[in-house]
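Q: Here is a sequence with its predicted model. Questions after.
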Amino acid sequence: MNSTTSLSYDGSLNGLLTCIFLNYEEKLQVVAIHPPGIASEELFSNHLEVITEKPKAERVWKAFKKIATARGVKNIYFAYLSEEPGIELEILKYFQHTFQRKESIDGDFANSHVLKIAQTAKKVSREKHRMEAFVRFQLTKDSIYFATIEPDFNVLPVIKHHFTSRYSDQEWIIYDLKRKFGLYYNLTTTNIINIDFAKNSGSSEENDYFFDSHEQDFQKLWKNYFEATTIKSRINIRLHHQHVPKRYWKYLIEKNPLHN
Amino acid sequence: MMFDRIKEKLEILADAAKYDVSCSSSGSKRSNKNKGLGNSDGMGICHSYTEDGRCVSLLKILLTNHCIFDCAYCVTRRSNDIKRAAFKVQEVVDLTINFYRRNYIEGLFLSSGIFKDADFTMERLIQVAKKLRLEENFNGYIHLKSIPGASDELMHEAGLYADRLSVNIEIPTVSGLKKLAPEKDHADFIKPMEKVKNEIIQYNSEKKLIKSTPKYAPAGQSTQMIVGATGESDREIMLSANHYYKNYNMKRVYYSGYVPIRNDPRLPSLGSQVPMLRENRLYQTDWLMRFYGFEVNELLNPQFPNLDVEVDPKLSWALRNPQHFPVDINRAEKETLLRIPGVGLKSVSKILNARKYRKLNYDHLKAIGVALNRAKYFIICDSRGWETKDLGSAKIKSLILRNSVGKFRKEYSSQLSLF
Ligand code: SF4
């Protein structure tokens, strides 16, 4: 009887691709692939710690790209960024299926793995659009436009391009508080940064010290605008909540009572 | 900036501009060159939504709400006793830039009451756009209102800086306009529309020869009609919309349910309901004309001059034309699939993809996102259980209505998000 194996990897895309490589090289029967911080629960299978190896990862990625369509490649990348439990195994299945058929399966929406990947990618893509829409910069005293986010999925890598090409004449930072890293555009390139937030950050004295003296004025103007542009006789709160789910309100100055 | 003064103006002039439903910021292609500020390539972004469910994408304001005209349906009309205000050109520029840099907006939608005369007003609007483009190196979206009666020279200049230009026709028929805005001439609305259309045509042909031809209103022009202020039928409204799409290359026609603002014997009284469902049905019809290959006459004709409020216009058409059904999901052409009730654009493209791999059945269609509760009466697929009985239109309609109250609501709201 073939024994089954569960894998652990470092959470990177290259790490995951290395897992897929090993699956073939060692002819494994992989039943789970775990990102860091998730303990293996498969009692009856072997466990393997996978060390990321870029050349192996690249070989898998190249082979996949040769067969898959641009949409398929994008969907896999977006699904990976979802960080959803179990998505790694779905991605492995997708690769296996592709390599087995030796042709793109990207349009085969009646296949459950293809549909799952497409749907997950869709969710990440929606989150990407939401972040592009809902990020609210605040101007700091050092003339940096600064925003924090806590997205459901790891979308910083895919919103980088949008913000870099749009705001190319101002310095800006978008920081993911959940994943503890951010993007910093320094008027030339956009790089990853880590910030140690002091304990009392967010307090109003701290904010006064940190932000430009007119920052609050512009936020108030925006809030005024938002209220004035609403047509009271057409209010439809249900629809409103559908457009802007409550968990996103924290980003929005116009919805945030703290800014009153 | 004098924040208190600006705040007051902003409140007055945003309030007055909000009845213009267009907030679209899509369809332009202005990239960010030479490290300028902003871009507007392709899809516009909704940065927020108002509590009435509309997308907030642009800073939508009037330059001033002083107006020499007295159109009955407009809050800005001369005889209305309201606070008046006017922005300075530089104030609008500063607001736009500061909001844009904070990622609140995609750009500016600037309209205005008519002060002094059409050209004087149009000139001010152009000044704002020009400053934004030339002094601020701003590549975000700019939508300017074409002031009815503005001269050809000004309309030419406006298109050099704006992404979109629009004149709101407001009242769908000439006779309705006479009644509600007797001082206004229908021809004044058409003039700037005609000019913009011709400029766009000319730009497109010159562009082919000379690559560096300066852009002219790359997102085209749009217009808006008020629904339910005068007694037009849905057919009259859609024929009029079709006329503007065909003859003026409109990118979009917007339909705005009349919001009662005053008691006037010519208009629905204060307190009457905003015809939101009707408005939604008109948008659906508009969509069917533009993306689903329907002709106006198929959806609305002398025998059938008003849309069915109970069911969507595609379903309504299918019920009136049972001879076209059932459609075989696994064989039919794209154009035919598009006409099946409950099957949208995205579902059609998924069906076309997925059926290359295998024959599709109900489960597949459901997973793909087809609204089977409506579609199942009109299709054949690879499931045994498809509706073989010839139920007749009345029966099908009542079955669908009975089983889809919640679903119907959902669709209603998702359609509203289209603008
Ligand atoms: S001209 Fe325009 S702003 Fe003035 S009253 Fe008529 S519709 Fe309103």
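A: Ah, there it is.

Q: pLDDT-wise, which helix or strand of chain B ranks last?
A: helix B:405-416 (a mean of 44; mean pLDDT, DSSP states H and E).

Q: hey, where'd the strands end up in chain A?
A: For chain A, strands defined by DSSP state E occupy the ranges A:5-8, A:30-34, A:46-49, A:138-139, A:144-149, A:171-176, A:181-185, A:190-193.

Q: any idea which of those strands scores lowest on pLDDT?
A: Lowest mean pLDDT within the strands of chain A: strand A:46-49, at a mean of 87.

Q: Please compute how far that one lies from its chain's middle.
A: 27 Å (C-alpha atoms, centre = their mean, to the nearest Å).

Q: Could you do stretch A:10-25 as well?
A: The answer for stretch A:10-25 is 19 Å, by C-alpha atoms, centre = their mean.

Q: what's the answer for stretch B:212-228, then?
A: That offset, for stretch B:212-228, works out to 11 Å (C-alpha atoms, centre = their mean).

Q: okay, it in CSV with CA atoms only?
A: Only the C-alpha atoms of stretch B:212-228 are listed here, as CSV (Å, rounded to 0.1, in the frame of the first residue of the first chain):
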residue,chain,number,x,y,z
SER,B,212,0.3,62.7,-32.0
THR,B,213,-3.2,64.1,-32.6
PRO,B,214,-4.2,65.5,-29.2
LYS,B,215,-6.9,63.4,-27.5
TYR,B,216,-10.5,64.5,-27.7
ALA,B,217,-12.9,63.4,-25.0
PRO,B,218,-11.6,59.8,-25.0
ALA,B,219,-14.5,58.5,-22.9
GLY,B,220,-17.1,60.0,-25.3
GLN,B,221,-20.3,61.7,-24.3
SER,B,222,-23.3,60.7,-22.3
THR,B,223,-26.7,62.1,-21.5
GLN,B,224,-29.4,61.7,-18.9
MET,B,225,-33.2,61.6,-19.0
ILE,B,226,-35.6,62.1,-16.1
VAL,B,227,-38.1,59.4,-15.9
GLY,B,228,-41.6,60.0,-14.6
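
Q: residues of that stretch that come out buried?
A: Buried residues in stretch B:212-228, counted by 16 or more other C-beta atoms under 10 Å in any protein chain shown: B:216-228. (Glycine included, C-beta is placed from N, CA and C.)

Q: And stretch B:298-309, by the same measure?
A: Using 16+ other C-beta under 10 Å as the test for burial, stretch B:298-309 gives B:298-300, B:304, B:307-308.

Q: Which single one of those is nearest to B:Y258?
A: The closest of the buried residues of stretch B:298-309 to B:Y258 turns out to be B:L307 (C-beta to C-beta; 16.7 Å).

Q: Can you add mean neighbour count and give the strands of chain A back as TSV?
A: Listed next are those as TSV, based on neighbours: other C-beta atoms under 10 Å in any protein chain shown:
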stretch	mean neighbour count
strand A:5-8	22
strand A:30-34	21
strand A:46-49	14
strand A:138-139	20
strand A:144-149	20
strand A:171-176	20
strand A:181-185	18
strand A:190-193	13
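
Q: Which of the ones you listed sits closest to A:Y94?
A: Across the strands of chain A, closest to A:Y94 is strand A:30-34 (C-beta to C-beta), at 12.7 Å.

Q: So B:P326 is in contact with B:I379, correct?
A: Yes: using C-beta atoms under 8 Å, B:P326 makes contact with B:I379 at a distance of 5.5 Å.

Q: Could you check which of those two is surrounded by more residues?
A: Just comparing B:P326 and B:I379: by other C-beta atoms under 10 Å in any protein chain shown the higher neighbour count belongs to B:I379, 26 against 18.

Q: Spit out the contact partners of the residue of chain A found nearest the ligand.
A: Using C-beta to the nearest ligand atom, A:I231 is the residue of chain A that sits closest to the ligand, at 16.3 Å. Applying C-beta atoms under 8 Å, 6 or more residues apart in numbering or on different chains to A:I231 gives the contacts B:18-19, B:50, B:52, B:54, B:259.

Q: which bits of the stretch 1-150 of chain A sit near chain B?
A: A:105, A:107-111, A:115, A:129, A:132-139, A:145, A:147 (C-beta under 8 Å from any C-beta of the partner chain).

Q: So which of these belong to helices?
A: If you go by DSSP state H, the residues of the stretch 1-150 of chain A next to chain B have A:115, A:129, A:132-134 in helices.

Q: Any idea which residue of the stretch 201-350 of chain B lies closest to the ligand?
A: Residue nearest to the ligand within the stretch 201-350 of chain B: B:I226 (10.2 Å; C-beta to the nearest ligand atom).

Q: now that residue: how far from B:G176?
A: Counting by C-beta to C-beta, to the nearest Å, the gap from B:I226 to B:G176 is 9 Å.

Q: again, but for B:P322
A: As judged by C-beta to C-beta, B:P322 and B:G176 stand 36 Å apart.

Q: related to what we said a few turns ago, spatially, which two of the contacts of A:I231 are the most separated?
A: Within the contacts of A:I231, B:T50 and B:V259 form the most distant pair, 13.6 Å apart (C-beta to C-beta).

Q: Turn the strands of chain A into a markdown table, columns for distance to the ligand.
A: Output for those, formatted as a markdown table (distance: least, C-beta to the nearest ligand atom, whole Å):
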| stretch | distance to the ligand |
| --- | --- |
| strand A:5-8 | 66 |
| strand A:30-34 | 63 |
| strand A:46-49 | 70 |
| strand A:138-139 | 35 |
| strand A:144-149 | 36 |
| strand A:171-176 | 38 |
| strand A:181-185 | 42 |
| strand A:190-193 | 44 |
